[in-house]
Every structure is written in structure tokens, then in C-alpha cells.
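**Student:** pasting the structure only:
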């Protein structure tokens, strides 16, 4: 029951963190060839193949305690089942797949029971060390959820502004302003002088 | 580029460099297995409408039949056409949850092996609050269960339905026994059905200690009694496996 309760929950809207809407039209520019999603499994596999690595990175970043590969598999199956809903006018295949991956990662993160990797390995990004990266990680963790999502997508996963907008379901302008707000808030946390 | 941007760029680059390689899937096979009817709005609406018509017709049929034969609602006729329960009483305390009839004709009384257990360190005294769960069992064998009992749904793939079960024991040392000799058996209570899985592996998360992980595949939805056995200790509970989205 808790799973259903949590999995159906939408992220809270926060005033001042961007007017993101689910039905916003995304104008994503790319020089990649676009078109309808292929209708055969083999062609579809070729079509999505180049995106799997970034999907895995996004899954690992957004749901660090969940099983990254499970999330990617769920996203791929979801994309396959929804392939006729892909509209090239609204974005690249990569942005579409990343948005689906983010959705599956959100669901995995909200599940009652995490699905950790079956090993004794420590979860990446949770190790305390003298590394600067740890300071940045802890500072990023103190951001508001939308700001953290923008920072995770843009700086850590390495997505473009347009792809980050697709994941966040908002416009590129909102992503840029959210990133600017995040950097402003991070400055004192990272003890960087004005 | 500002100092903050540079720090973020550097941290991001190092994080990406530390990530394991991308997963390798047999994509074509995966997609072929996942192939099914396309999920489209009109088809869904048509399906729902058809289901509603069937439900109404069945209701009219059943009501008319019971009404003419005389007995009160829910007596006689309903059990004659329903599945036969194994009659095995569920162990532990029933939470009294009864899922919808579309999942299983017999209500599934999910159970918790009460009382709540407080494990030794380094395991947390209680699971993190967002799990909405407690520990149940004893030092010899305990597990983490939802306070309302376990009800699993939202499967992506067609059956079998995979689930990961987590168990702890004071007798288990993950360093010495990374693949614990634990077995998990499943027995369907509302219809015939069973499985056995084991040994387990190990898993870490935010529980404070390492867990024994046993992945199980439920062949069907329904009411399942899960029993774990490890070094002579046994722990059972009843869980519902549902096909709700």
C-alpha cells in the first residue's frame, strides 16, 4: 500500500523554483536524425542503444540506493511499450528516453524497499573522504529538490540544458534559472567568496 | 566560469569517471519478451468499457440467480464456483487486509510475525522512517516488513513476478559466508502453488547492517506464505502478490 501511495505522489511544487508543467512544449534542438520510433524490436534496440549509457548514469544519480540496471531495464521496456507515443517534434529520442528513465528512477527511489546491488560494495557517492567532491555532494544534498535535480542532471549526469528540461518537464529557461539559483545557494555552502 | 561552476564541473566529471560501465542488455531479446499489446488510450478505454459491461452482466446474472433461489447474499452458490482454498491457516498476526476481489477470489489476510523485534547493533533499532516498516522475528532470523503487511504490485513484466526478500541473522557473518545458506519457500494459500529459492546473496543499504538477499519469482498473483530458513531458524509471513498497476 505504501508503495502505491508513494509511487503515485508527484514532487511538490515549490514557488520560485520554476513553473514546470507536464504539458509544456519542449523545443529541443539537436542535429541528431529524428523520426518515429522503430516498430521492430531489433530496430528499436539499435535506435536506443547509444542512449543506454546516459540512461544508466541518470538512474544511478537519481536513485543511488536502487538497482541502476533494473531502472534502465524498466525504462527500456516502458519506452518500447510506449514507442508510438514518441513525437520527434517534441524532442530527441535521447531526451524522451531520459525523461522515461527519470520517471522510473523516481518510482524506484520512492519504493518502500530499495533494491540495492547484491554486493558488499559501498554505494558510490556516499563515501566520506577528504575529497573536494564530497564537499560538493553534501552541499548539493542541501539544495531544494528541483534545484538538486537540475544540478544532478546538468553537472553530474552531463545532460544538456535541453535534456535536463525534458527530465524536469519544464522549459530550458526554467532550467537555466534553476541552475543559477542553485549556484547562488551553493556559493556560501562551498565557502566560495562572492 | 565561476568557482562554483568549476567545482560542480569537476565533481561531476569525477562522479562520471567513477561510474561502472553501462549495463549490457540483450536489447532485442528484452524487448521481444516485453512485447505485448500496445498501450494506447482508445484501446484502454475500449477495454475498460468491455470490462464494465462484463461486470454488470455478471452482477445481473448472479443477483438474479441468488434472488430466485432464496439464500442470502454470499451463501452457497458463490463458494461452489470459486477456487478451493488450501485451508492452511496463516502464521503470525493477521493485519486483516482484504484486497479487491479481482486479484484473488479469496481475501488475502497478510500477516506479520509479531511482536516487533529490536535487533542488535549495527542494525538500526528501527528501519528508517520512510520504509514505514518494522523488524519482525528474532535474533536467529528477522526481516523488515511493512507495518500494514506486505502487498506487492506494480509489476512491469509478465509473470513470473520477481521480488527481493531481505533477511538478517545474528548467526550470519557476511564476510565469512557471502552466499548465505538461506532458503525461502513460498506456498500459495488460495490455490495450489509453491516454490523454493536459495542460497542467498548479500546486500547493503541504509539499514545499518548487511542483509541476506534472496530473490524469488512468484509464478502467479495471489496470497503467498513465505518461509525463510537459516541455520535451524524459521520465519514466516503471508504476503499478497497483486496485479494492480
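**Tutor:** It's in. None of the values given here were measured: they were computed from a predicted structure.

**Student:** flag the shaky bits of chain A, pLDDT-wise.
**Tutor:** A:1-35, A:111-135, A:192-194 (pLDDT under 70).

**Student:** what's the burial count for the closest residue to residue A:185 other than its chain neighbours?
**Tutor:** Using CB to CB, 6 or more residues apart in numbering or on different chains and skipping the chain neighbours, the partner closest in space to residue A:185 is residue A:143 (6.2 Å). (C-beta placed from N, C-alpha, C; glycine too.) Counted with other CB atoms under 10 Å in any protein chain shown, residues neighbouring residue A:143 total 20.

**Student:** just checking, residue A:143 touches residue A:184?
**Tutor:** No: using CB atoms under 8 Å, residue A:143 makes no contact with residue A:184, being 10.6 Å away.

**Student:** sorry, back to before: confirm the residue nearest to residue A:185 sits in a strand?
**Tutor:** No: Residue A:143 sits outside any strand when classified using DSSP: H, G, I helix; E, B strand; the rest coil, being coil.

**Student:** what's near enough to touch it?
**Tutor:** By CB atoms under 8 Å, 6 or more residues apart in numbering or on different chains, residue A:143 lies in contact with A:151, A:182, A:185-186.

**Student:** okay, these in TSV with secondary structure and neighbour count next?
**Tutor:** Putting the contacts of residue A:143 into TSV (DSSP: H, G, I helix; E, B strand; the rest coil; neighbours: other CB atoms under 10 Å in any protein chain shown) gives the following:
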residue	secondary structure	neighbour count
A:151	helix	25
A:182	helix	25
A:185	helix	17
A:186	helix	21
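
**Student:** closest one of those residues to chain B?
**Tutor:** Nearest to chain B among the contacts of residue A:143, counting by CB to the nearest CB, is residue A:186 at 5.3 Å.

**Student:** what's the spacing between that closest one and residue B:7?
**Tutor:** Applying CB to CB, to the nearest Å, the value for residue A:186 to residue B:7 is 8 Å.

**Student:** tell me where chain B is predicted with low confidence.
**Tutor:** B:25-51, B:53-106, B:156-157, B:244-245.

**Student:** now do the domain split for it, please.
**Tutor:** Structurally, chain B divides into domains by automatic domain parsing as follows: B:41-80, B:85-241.

**Student:** residue B:111 against residue B:238, yeah?
**Tutor:** Yes: with contacts counted by CB under 8 Å, residue B:111 reaches residue B:238, the gap being 4.2 Å.

**Student:** domain assignment for chain A?
**Tutor:** A:1-7+A:22-118, A:128-194.

**Student:** need those domains in JSON lines with distance to residue B:215, can you?
**Tutor:** Below are those laid out as JSON lines (distance: least, CB to CB, whole Å):
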{"stretch": "domain A:1-7+A:22-118", "distance to residue B:215": "8"}
{"stretch": "domain A:128-194", "distance to residue B:215": "28"}
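
**Student:** can you map out the strands along chain B?
**Tutor:** Counting by DSSP state E, chain B has these strands, from start to end: B:93-94, B:111-112, B:133-138, B:141-146, B:151-152, B:161-168, B:183-188, B:194-197, B:201-203, B:211-218, B:222-230, B:233-241.

**Student:** by contact count, what packs against the second one?
**Tutor:** With contacts taken as 3 or more CB pairs under 8 Å, 6 or more residues apart in numbering or on different chains; DSSP states H and E, strand B:111-112 sits against strand B:93-94, strand B:233-241.
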